Each structure stands twice: as structure tokens, then as C-alpha cells.
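>>> I need the structure of the sequence given here:
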Amino acid sequence: MTTQKLSLAKGINAGLRAAMEAEPKVVVMGEDVGKLGGVFRITDGLQKDFGEDRVIDTPLAESGIIGTAIGLALRGYRPVCEIQFDGFIFPAYDQIVSQLAKMTYRAKGSVKMPVVIRVPFGGGIGAVEHHSESPEAYFAHTPGLRIVSCSNPTDGYWMIQQAIASDDPVMFFEPKRRYHEKAVEVDLDTPPGPLYSARVVREGEHVTVACYGPMVKTALEAAAAAAEEGKSLEVIDLRALSPIDWATLEASVLKTGRLVVVHEAPVVLGLGSEISARITEDCFYALEAPVLRVGGFSTPYPASRVEEEYLPDLDRILDAVDRSLAY
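Numbers count the residues shown, from 1 in each chain. Purely as a prediction, here's the structure:
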């Protein structure tokens, strides 16, 4: 087994490199992705090794980036677009929702759209609005798009390759505050599972905690703290937000009888709302308590000095767990 010690940032970089080496039609494009290597250095070294024709520094024009990627996909390329920050994606919203998401369906499947849109998302880096947002629900609501989010270096390395290999458009949400955390050993030979599968990252008996992206580490920390008080939490990394792996999630809820959904995005009409509704429909007679949601507040993202009050943390997850167990 070949392994390499990688951070999340280095894992995604290595995955991009592997995909570009395997398929010459893969091109990377975005603002400052070439000479600079991206503001978070995710594409560092790629332009030097693959050239300016395959790693393209674009103008500051998100709509133009995605529109160009759609044209490239129609001509047989597999473009990977970087949106520099989550909140910068909205100028491209029309291209993504009105064109990219619909072309395959419009053509009865005869036209493929193998476009990957990388989106660094979430807070925790001391930045302001437009730089710390969680817009995933906008796109998960849109038929024709695949939505995934990695949470660790292994998934960063493998999921980006699986997304690039997909013939469907994939929105690839990356938790930016986890980019440069401690490196871990990554298996470079065997993918950990299909792209659209959830994973039980900690087994438990009393409450299921479903999360994704930046909240996986937080949920695991909450589970460790709860264990000291005799409460056993099962933590599920959803990984795919559209389609959601309902089978894995429902199997856990049938075992524990309780579910807490955690995400950074505002609770109102977030992914937790859909998950709560679906689990209530499918697992109603197994539930020992209502499905509870932990997330951001219904305000624009706050100034950095108070962002820790906005973001879900260990204490807010544990409070939801206690309320669930109190029923």
C-alpha cells in the first residue's frame, strides 16, 4: 500500500495532480490558480508542471469562468473551476443553475457536463461576509447538480478525482478552515468508497449526529466529550449532500432512535431541514425524540471578532444532544 502524509490542502492538490496526469482533457481554471497557486495554495505547482494551457489564470469574473467551463465541457474537456471564496459564487449563479444544471436533461442525456466547481466554504478563518459563507443549500435544491463536501485529507485526495471522473456537474465544497490542519497518512492506492456515500466515522448507541465538511471534526470532539459523561454518539460524515446517502443515515437512526443534524449554514431552510423531514417520514416509529438541528443564525455572516459566537461549537452540539435525550 502506497501512503503519503497529507493535509487537506495537500490532499486536494495531490488529487488534482493525479487527475491531470491520468486525463489530458482535465483543465484547471480560476482566479490566481496559476502563478500564485490559489489564495489557499490548493493549486500550488500545477501551472509550473502542466503549463498555462491547462492551469489558467482567469479574469475576476465568476460568470465568465463557469460559462467558459460549460463551453469546454461541450467540446470534450473536463474543466475544474475554482471559486476563490464561497460568497463570490453568486455572480456565477445564473450560469450554474440556468445552464450547467439543465443541459444534460435538456438534451435527454446525450450531452454530458463533466464540470467540477471547487468552492472553499465556511467560516473560522477570521474573515468577513462573502469570505465565510455556506451556500450549499442553494445548489442542493437544484436538480441536475451533484453536491459533495470533503472533511479530511483522504477524502480530499480521492473525492476530487472521483468528482472529475463524473460526467455530471459536481459542486465540490471544501472546508477552508481545515485546509492546513495536521497532516495524516493517506492511502494513495484504494479509494475509501463511492463518491456519493456517507460514512460512519464514530460508532455509538444513544444519538446519531449527522454533519459534513468543517463540522465533522467539531462533532467528533463533541462525541469524545459526551463519552466522558456516558453518552454514546454515532457521528456520520454525510460527504454527499445531493444525492444524500439515506440508507446509511436511516440505518443509524433506526439504531439510536435520535438524530441531531449539524451544519454551519443558517438553520432556516438549510440542509438540516430536508434531512429532518425525510428522517421523520421514513423513521417516524423508530424516533424517540424530534430531529434537532444545530447551525448558524439567520443573519449575514458577522464580523470576525464575534464569529465564534455564530458558528456551531462543541457546547451547542452537546446541548442539542442533551435535549434529545431528555425526551
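>>> tell me what the helix or strand harbouring Val201 is packed against?
Here Val201 sits within strand 199-202, counting by DSSP states H and E. On a contact count with 3 or more C-beta pairs under 8 Å, 6 or more residues apart in numbering; DSSP states H and E, strand 199-202 meets helix 215-227, strand 233-237, helix 246-256. Where you see a C-beta, it was placed from the backbone N, CA and C, and this is true even at glycine.
>>> So which residues of the stretch 1-150 of the chain form helices?
8-22, 46-50, 62-74, 93-94, 103-106, 136-140 (DSSP state H, counting those that start in this stretch).
>>> any idea of the mean pLDDT in the strand holding Val201?
Looking at strand 199-202 alone, the average pLDDT works out to 98.
>>> Mind listing what's buried along it?
Using 16 or more other C-beta atoms under 10 Å as the test for burial, strand 199-202 gives Arg199, Val201, Arg202.
>>> so after the helix or strand of the chain with the lowest mean pLDDT, what's the next helix or strand?
When the helices and strands of the chain are compared on mean pLDDT, DSSP states H and E, helix 307-310 comes out lowest with a mean of 94. Using DSSP H and E, the helix or strand that follows helix 307-310 in sequence is helix 314-325.
>>> Mind naming the longest strand for the chain?
Identified as the longest strand of the chain according to DSSP state E is strand 259-266.
>>> How far away from the center of its chain is that strand?
13 Å (C-alpha atoms, centre = their mean, to the nearest Å).
>>> so what pLDDT did Phe40 get?
Note for Phe40: predicted pLDDT of 98.
>>> Surely it touches Pro175?
No. The criterion here is C-beta atoms under 8 Å, and Phe40 misses it with Pro175 at 11.1 Å.
>>> Now list whatever residues contact both of those two.
Pro120 (C-beta atoms under 8 Å, 6 or more residues apart in numbering).
>>> So these two - more neighbours on which side?
More neighbours surround Pro175 than the other of Phe40 and Pro175, with 26 against 20 (other C-beta atoms under 10 Å).
>>> Not counting sequence-adjacent ones, nearest residue to the more buried one?
Take Pro175 and drop its neighbours on the chain: the residue closest to it by C-beta to C-beta, 6 or more residues apart in numbering is Pro214, 3.6 Å away.
>>> ok, the one you found to Gly71 distance?
33 Å (C-beta to C-beta, to the nearest Å).
>>> go on, Glu309?
44 Å.
>>> quick one on the thing from earlier: for the strand holding Val201, which strands pair with it and how are they oriented?
In the sheet, strand 199-202 lines up against strand 233-237 (antiparallel) (DSSP bridges).
>>> Quick one: mean pLDDT for the strand it pairs with?
The model assigns strand 233-237 a mean pLDDT of 98.
>>> Next, the buried residues of stretch 181-195.
By neighbour count on 16+ other C-beta under 10 Å, the buried set for stretch 181-195 is Val186, Leu188, Leu195.
>>> Just give me how far it sits from the chain centre.
Offset of stretch 181-195 from its chain centre (C-alpha atoms, centre = their mean): 16 Å.
>>> Work out the gap between the very next helix or strand once past the longest strand of the chain and the centre of the chain.
Downstream of strand 259-266, the first helix or strand assigned by DSSP H and E is helix 271-282. In terms of C-alpha atoms, centre = their mean, the centre of helix 271-282 is set 19 Å apart from its chain centre.
>>> name the helices or strands packed onto helix 271-282?
helix 136-140, helix 246-256, strand 259-266, strand 292-296.
>>> Touching, Val111 and Tyr105? I think so.
No. If you go by C-beta under 8 Å, Val111 and Tyr105 don't touch, sitting 9.3 Å apart.
>>> Tell me the strands beside the longest strand of the chain, with direction?
Partners of strand 259-266, by DSSP bridges, with direction: strand 207-211 (parallel), strand 292-296 (parallel).
>>> do you know how far the closest residue to Tyr93 other than its chain neighbours is from Arg146?
Ranked by C-beta to C-beta, 6+ apart and with sequence neighbours excluded, the top spatial neighbour of Tyr93 is Tyr138, at 7.4 Å. Using C-beta to C-beta, one obtains 14 Å as the distance from Tyr138 to Arg146.
>>> Who has more neighbours out of the two?
Arg146 (21 against 18).
>>> so what pLDDT did the more buried one get?
98.
>>> residues contacting the residue nearest to it when sequence neighbours are not counted?
Distances taken as C-beta to C-beta, 6+ apart put Val170 closest to Arg146, at 4.5 Å, once the chain neighbours are dropped. Residues in contact with Val170 (C-beta under 8 Å, 6+ apart) are Val115, Val116, Ile117, Leu145, Arg146, Ile147, Val148, Ala163, Leu195.
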